[in-house]
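Enquirer: generate a structure from the sequence data that follows.
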Amino acid sequence: MTDFVQVSTATETRDQAVELARSVVSERLAAGAQIIGPVTSAFWHDGEFGTGEEWQLLLKTQQSRYAELETHLLKHHPWQNPELAAVPIVAGSKGCLEWITASTTPAE
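Expert: Numbers count the residues shown, from 1 in each chain. Below you'll find the model as predicted:
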């Protein structure tokens, strides 16, 4: 198992994405957030096919912080059932991984 994950989610607006990014990084639940957008999404929702414009967030954190990050995102996300997906970071530069660890270790 890897010690680090990249978590993705999306919001309807840039402002929503920025606010989520600010909240998780300031709480040290993610070392950093990248906001990409707008992106076009195609999806099934409530049994209907749809397309829409979204803003994607990519969040880097320690695997051990994922549960807290997920809880925070579900509580503060503007959508009732947002997409949250974590993929392992199987390799990374030593400095980057050290930064993730230092940035997501809770302050004492």
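Enquirer: residue boundaries of the strands in this structure?
Expert: For the chain, the strands defined by DSSP state E occupy 4-11, 32-45, 48-62, 85-88.
Enquirer: distance of residue 46 relative to residue 73?
Expert: 21 Å (Cβ to Cβ, to the nearest Å). Bear in mind the C-beta positions are built from the backbone N, C-alpha and C, glycine included.
Enquirer: so for these two, which sits in the more crowded spot?
Expert: residue 73 (20 against 5; other Cβ atoms under 10 Å).
Enquirer: the closest residue to residue 34 other than its chain neighbours bridge partners, please.
Expert: Leaving aside its sequence neighbours, residue 34 sits nearest to residue 58 (Cβ to Cβ, 6 or more residues apart in numbering; 4.5 Å). In this entry, residue 58 is beta-bridged to residue 8, residue 34, by DSSP bridges.
Enquirer: which stretch among the strands of the chain comes nearest residue 79?
Expert: strand 4-11 (7.4 Å; Cβ to Cβ).
Enquirer: buried sites along that closest one?
Expert: In terms of neighbour count (16 or more other Cβ atoms under 10 Å), strand 4-11 has its buried residues at 4-7, 9-11.
Enquirer: and if you look at stretch 73-81?
Expert: In stretch 73-81, counting by 16+ other Cβ under 10 Å, buried: 73, 77.
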